[in-house]
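Colleague: the following block contains a protein sequence and its predicted model.
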Amino acid sequence: MHSATQILASIQQEIHIIKHLYGKINPGNMSFSPGDKMRTVDELLRYISYVGISIADWHKNTIEGKDSKGLFQKYVEEAKVANLTDFPKMMDEQYEKIAAILSIYTEDDLKNKQCKTFTGGEVPLGEVTINTILKYFTAYKMQLFLYLKQAGQSELDTYNCWAGMDRPAPKE
């Protein structure tokens, strides 16, 4: 099992890439959606702005036996009114909140403390953190990348999606 430090480093890398992709968005593409009943770029960014911390809070509450009713709605409402020019800051704050929650737990907790999943099962906290928070950031990073490509931003390539940087200029 990975340590909290390793998990947080992976989450931080995904957030770095998401912020890089955000910086590449052509403003005219904010309302782009690849199809009916699919999020726009704007809606996707708003969702990404709270997906990790909402899950971390939910896991913490289930471990502590607290009620999580209304937890997600709180984040949804905050994201609806957020100014997306602050998106990089929002992502940094989200990371700090996730890190603060994970800092509560020991390495033994990550391996052994059981946490309820959305489907009703129970798995160790470290495993559920990787299978939700980390994987969600990875998945939504990819979705954002694909939206931007479909919206016509052909200058983006795998460096942007997987390294969070522009492709280096060829060496002469």
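Modeller: Arrived safely.
Colleague: any idea which element the residue most central in space within the chain lies in?
Modeller: With distances taken as Cα atoms, centre = their mean, residue 137 lies nearest the centre of the chain, 3.3 Å away. Using DSSP states H and E, the element containing residue 137 is helix 135-150.
Colleague: who touches that helix?
Modeller: Residues outside helix 135-150 that contact it (Cβ atoms under 8 Å, 6 or more residues apart in numbering) are 11, 14-15, 17-18, 21-22, 24-25, 29, 32-34, 41, 44-45, 47-48, 51-52, 55, 156, 160-161. Glycine gets a C-beta too; all of them are placed from N, C-alpha and C.
Colleague: can you list the buried residues in that helix?
Modeller: 136, 137, 138, 140, 141, 143, 144, 145, 147, 148, 149 (16 or more other Cβ atoms under 10 Å).
Colleague: ok, now stretch 152-162?
Modeller: Across stretch 152-162, burial judged by 16+ other Cβ under 10 Å covers 153, 156, 160, 161.
Colleague: give me the distance from that stretch to the chain's centre.
Modeller: 19 Å (Cα atoms, centre = their mean, to the nearest Å).
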